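In: let me see the structure of the following:
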Amino acid sequence: MTKNRIIPYREDLKAKARELRRNSSLSEILLWQEIKERKLFGYQFHRQVPMLDFIVDFYSHELQLAIEIDGDSHDKNYKYDVKRQSELEQYGVQFVRFDDMEVKRNISNVLRTLKNWIRENQSP
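Out: Reported below is the predicted structural model:
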């Protein structure tokens, strides 16, 4: 696994990603407070990261891990999410998805799931 591999993206997505960062949902803000500044086992995460033709909610280059928070808006975008995930997985990106309400109601379980994922998937 190549560490910190940069995945190409459309240049026009930079402005959209900035806008999404400024207008984060409550669940995104709650999760960001827990994973920013290398709080999760020392791994760095970024918010609203452009990749290919898409933007993922959170991404760690070191882990090649995308974290997505699915809510009501995502229900309508299921086919889009599947396509996006499939295309990014071809670049070695792995996904962990959480429901919007789970993040709001049980952040400790979300963090436990992420920590378990990292333990199981990090390179020795």
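
In: can you give me the end-to-end span of stretch 49-58?
Out: Stretch 49-58 has an end-to-end distance of 7 Å (Cα to Cα, to the nearest Å).

In: ignore the last one, stretch 63-78
Out: End-to-end for stretch 63-78, by Cα to Cα: 25 Å.

In: can you check stretch 50-68 too?
Out: First-to-last distance for stretch 50-68 - Cα to Cα - comes to 13 Å.

In: chain center to that stretch, what's the gap?
Out: 5 Å (Cα atoms, centre = their mean, to the nearest Å).

In: any buried residues in that stretch, and which?
Out: For stretch 50-68, the neighbour count (16 or more other Cβ atoms under 10 Å) marks 50-52, 54-68 as buried. No exception for glycine: its C-beta is placed from N, CA and C like everyone else's.

In: also stretch 67-84?
Out: By neighbour count on 16+ other Cβ under 10 Å, the buried set for stretch 67-84 is Ile67, Glu68, Ile69, Asp70, Gly71, Asp81, Arg84.

In: so among those, where is pLDDT lowest?
Out: Across the set of the buried residues of stretch 67-84, Gly71 stands lowest in pLDDT, at 81.

In: any regions of this protein where pLDDT drops low?
Out: 1-4, 72-76, 123-124 (pLDDT under 70).

In: grab the longest helix from it for me.
Out: helix 107-121 (DSSP state H).

In: name the residues that touch that one?
Out: For helix 107-121, contacts defined as Cβ atoms under 8 Å, 6 or more residues apart in numbering pick out 30-31, 34-35, 40-41, 43, 63, 65, 67, 94, 96, 98, 102-103.
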